[in-house]
Structures are given as C-alpha cells and as structure tokens.
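Undergrad: This is a predicted model, with the sequence first.
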Amino acid sequence: MQKIPATVITGFLGAGKTTMIRNLLANANGKKIALIINEFGDLGVDGEVLKGCGAENCTEDDIIELNNGCICCTVADDFIPTMERLLERENRPDHIVIETSGLALPQPLVAAFNWPGIKTQVTVDGVVTVVDSAAVAAGRFADDHDALDAQRAADEELDHESPLEELFEDQLTAADLIILNKADLLDENALSGVRNTVANAISRKPKMVESRGGDVPASVLLGLGVGTEDDIANRKSHHELEHENGEAHDHDHDEFESFVVDYGPVADPAAFADSLKAIIDEHDILRLKGFADVPGKPMRLVIQAVGSRIETYFDRPWGANEVRSTKLVVIGLHDEMDDVAVQAAIKAI
C-alpha cells in the first residue's frame, strides 16, 4: 500500500500559516486533504477559519482540532491516537496537512511518524516553516548578542533570556522548505536582509520561497517527497542538544499565557481595530485573534493581529443555530502581560 504523504506546517505566532492553508485548499487540484490543527488557547480560531473556507476537497469532517496545548508535548496522548483514527477511516485522504501551534517544536512531531503503525502507512512529505518576514526585518529574532544586549537596555521585555529565539531557530532547523511570508511589506533590500538572517540562523540550508499573503502554489507545498522522519537525527532542537550535553532543560510554555476575552457586538469594526492596536502596543501582546459580531452584517468578522498589525475580514455567514458573539484569544509572555488589565482594556472599548 502506498504511504499517505503528510506535510507539517510550522512557524511562529502570526506568521501566516492559516492563510497559507486556506490558499492551499482552494488550489489543491482535487486532492482530498485532511487537516490536523493544533492551537494554543481554548478558542479554536484557526480551525473555525478553515472550516469556513468551503473547500470541497476538505470538509468539516476532514478538519481535526487539537486545542489548548502544544502538539509536541502531547504526541503520545493526542497526536498518535488522532492519526490512528484518521487512518482507520474507510475514505482515507490523499494528503494530510498538520498545522502546529506557533509555540510547538516540530522535531518531536516528525519523530512520531516513526511510531509503529504510522510509519508503515504515512510519510512526512516535508516540513514547511512559515516566517513572518516583516517581524524578522524588525529584529525580533536577533542572533547578534551585542545587538540583543542593546535591545535589552532599551526594552524591558528583553531583560530576560527570551525563549523565542530558540523556538524560531528550532522551527527553521526542522524545515525542508522555508516560506518568507509577508514579503510585500518589505522592499528588496529588507527582504534580502531577512533571507540572510534566516540562512545564517541554522547550519542546514533548506530551500526558501518568498510569499505575499500566504499565496504559495500547492505544487510547491505538496509533493516534496523528503521522508523527513528518516532524517530527524540531523534536525535536533535546542532542547534535544541540551539533554545530550547533560544540561537540565524543560520544554514547557510557562513563559506564555493565553486567555479568551468575551465582548459584545462591534458596531464600528475600524474603530474597534484601532482601539485593539493601542491595547496591543501598550501591553506588549504577541498575538490576538478571534471573531466579532457586527450588527446588521450577516457574516462573521475575523480579527487577526500580529503585534500591532491588524487584519479584519468577513469570512462566512453566521449559522442559523449559531450564537453570534465576539470572542478574542490573547497570547503574550507570562511575565510581561497583565491579563486582568488587558481584559479590562478590551471590554472598555
């Protein structure tokens, strides 16, 4: 029996993974695709966005959500049983796409494809890492320690050793293909700088492709044919290397915090987005995403924010039996974000 190819899509918070998958489903050339989506936070925003895209080759039954956790920490408890149930289906998919949480290490997930019963039926076609080019251009993941020290002096957020750089490098290290997304936000010189920054962050040299708005052809994303699970020893994360060196190191997400804010109807989406931008800037929020109820509009408003960049769009009509509501997931660093103050600020808009 021919193995089912699986593509692992990883990348930091807000890099554009979900948008890229939406585009992939719309241009999959008839391939029947199953999606496994892992999110950090109780509200499954990404899964809901993808369910609303209406792709015939990926129905709601083909979208499996693993919410409120990190897939790399729950491989045995969540991912492997999910894969086993998927493979037991009579109508099996042509391709499996796995979107990891922005906080996940791809390496443990790829290693799980060597699990007996999975390895004989599925192969990792490739690991695709999506990079927010604009964030990298702004120096969010600086490998230059002198530059990092200078930023620490100017920014209280950087007074501690941030785990974000290690996570960024680990996601790049696992990649077979790197998507430099949001290239339209940069000029050619800045984009060239991003390419050099990403290339110098890791010893491996995977292919890089520029993308605007997550628009990458299915022919580029699918069919890499790498069999990444057989090369996992060459893609070790910081966590694995520190264990090999005898260092005590726990991979957990105590540094990050997420919560859901319930809000009433949003009468003026533009003004609401402007107010959210001010709150994000004031409270150093890493990521904000969710849905809003706009009175008089039959469709649901999607809100996606990465740092102070906010995107809003209507994605689908509210269901006949669906309760119209506004819910936002807020993600930030535990020691830097006051969740009580953030909730109060949003509810006061």
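TA: Looks like it came in fine.
Undergrad: how about the strands in the protein?
TA: Along the chain, the segments classed as strands by DSSP state E run 4-11, 33-38, 63-66, 95-99, 122-132, 177-181, 207-210, 256-263, 287-292, 299-306, 309-317, 326-333.
Undergrad: quick one, the second one and strand 95-99 angle?
TA: Right, strand 33-38. Angle of strand 33-38 versus strand 95-99, following axes from the mean of the first three to the mean of the last three CA atoms, to 10 degrees, is 20 degrees.
Undergrad: Outline the domain layout of the protein.
TA: Listed domain ranges for the chain are 4-244, 256-347 (source: automatic domain parsing).
Undergrad: centre of the chain versus the first one, how much separation?
TA: Looking back up the chat, that one is domain 4-244. 6 Å (CA atoms, centre = their mean, to the nearest Å).
Undergrad: ok, and the helix or strand in this structure with the lowest average confidence?
TA: Across the helices and strands of the chain, mean pLDDT, DSSP states H and E gives its lowest value to helix 145-154, namely a mean of 44.
Undergrad: Need the strands of the chain in a markdown table (columns: mean pLDDT, mean neighbour count and distance to residue 168).
TA: C-beta: built from backbone N, CA, C; applies to glycine. Shown next, in a markdown table, are the strands of the chain (pLDDT from 0 to 100; neighbours: other CB atoms under 10 Å; distance: least, CB to CB, whole Å):
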| stretch | mean pLDDT | mean neighbour count | distance to residue 168 |
| --- | --- | --- | --- |
| strand 4-11 | 94 | 25 | 9 |
| strand 33-38 | 86 | 25 | 18 |
| strand 63-66 | 70 | 20 | 22 |
| strand 95-99 | 92 | 25 | 17 |
| strand 122-132 | 95 | 26 | 8 |
| strand 177-181 | 96 | 24 | 11 |
| strand 207-210 | 94 | 15 | 15 |
| strand 256-263 | 82 | 18 | 14 |
| strand 287-292 | 86 | 23 | 14 |
| strand 299-306 | 87 | 20 | 14 |
| strand 309-317 | 87 | 15 | 18 |
| strand 326-333 | 85 | 22 | 15 |
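Undergrad: Switch the ones you listed over to JSON lines, and while doing so, append distance to residue 270 to every line.
TA: Putting these into JSON lines (distance: least, CB to CB, whole Å) gives the following:
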{"stretch": "strand 4-11", "distance to residue 270": "28"}
{"stretch": "strand 33-38", "distance to residue 270": "29"}
{"stretch": "strand 63-66", "distance to residue 270": "30"}
{"stretch": "strand 95-99", "distance to residue 270": "29"}
{"stretch": "strand 122-132", "distance to residue 270": "24"}
{"stretch": "strand 177-181", "distance to residue 270": "25"}
{"stretch": "strand 207-210", "distance to residue 270": "30"}
{"stretch": "strand 256-263", "distance to residue 270": "16"}
{"stretch": "strand 287-292", "distance to residue 270": "12"}
{"stretch": "strand 299-306", "distance to residue 270": "11"}
{"stretch": "strand 309-317", "distance to residue 270": "8"}
{"stretch": "strand 326-333", "distance to residue 270": "15"}
